[in-house]
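**Q** following is a predicted model, sequence given first.
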Amino acid sequence: MEVVRIKDEFIKLGQVLKLAGLVDSGVDAKIVIQDGLVKVNGEIDTRRGRKIVAGDIVEYQGSKVKVEQKA
């Protein structure tokens, strides 16, 4: 499982997909999220602006990304 570390309180769902390299651009992130292809903590979420916090797990195409707070 890949890890994305954030310095702020939260990160938006589309940004997680880009940082993890699961999509190439914000436009790609918007499309896959709106199409219901992304899960957050095991549930499909179609909100690109969903706030993802430390401890959340984002899934796309069989890849899982855990979000952690930077020390």
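**A** Arrived safely, thanks for sending.

**Q** tell me the confidence at the nearest residue to Ile57 once chain neighbours are set aside?
**A** Nearest non-adjacent residue to Ile57, counting by Cβ to Cβ, 6 or more residues apart in numbering: Lys66, 5.2 Å away. Placement of C-beta: from N, CA and C, glycine included. For Lys66, the pLDDT comes out at 98.

**Q** phi and psi next, for Lys66.
**A** Main-chain dihedrals, Lys66, degrees, to the nearest 10: phi -100, psi 140.

**Q** residue contacts, it?
**A** Lys66 makes contacts with 1-4, 55-57, as judged by Cβ atoms under 8 Å, 6 or more residues apart in numbering.

**Q** ok, Ala20 next?
**A** So Ala20 contacts 2, 4, 58, 63, 65 (Cβ under 8 Å, 6+ apart).

**Q** ranking by neighbours, what's the top pick from those?
**A** Most neighbours among the contacts of Ala20, by other Cβ atoms under 10 Å: Val58, with 24 neighbours.

**Q** related to what we said a few turns ago, possible to save the contacts of Ala20 as JSON lines with secondary structure and distance to Asn41?
**A** Listed next are the contacts of Ala20 as JSON lines, based on DSSP: H, G, I helix; E, B strand; the rest coil; distance: Cβ to Cβ, whole Å:
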{"residue": "Glu2", "secondary structure": "strand", "distance to Asn41": "16"}
{"residue": "Val4", "secondary structure": "strand", "distance to Asn41": "15"}
{"residue": "Val58", "secondary structure": "strand", "distance to Asn41": "8"}
{"residue": "Ser63", "secondary structure": "strand", "distance to Asn41": "15"}
{"residue": "Val65", "secondary structure": "strand", "distance to Asn41": "12"}
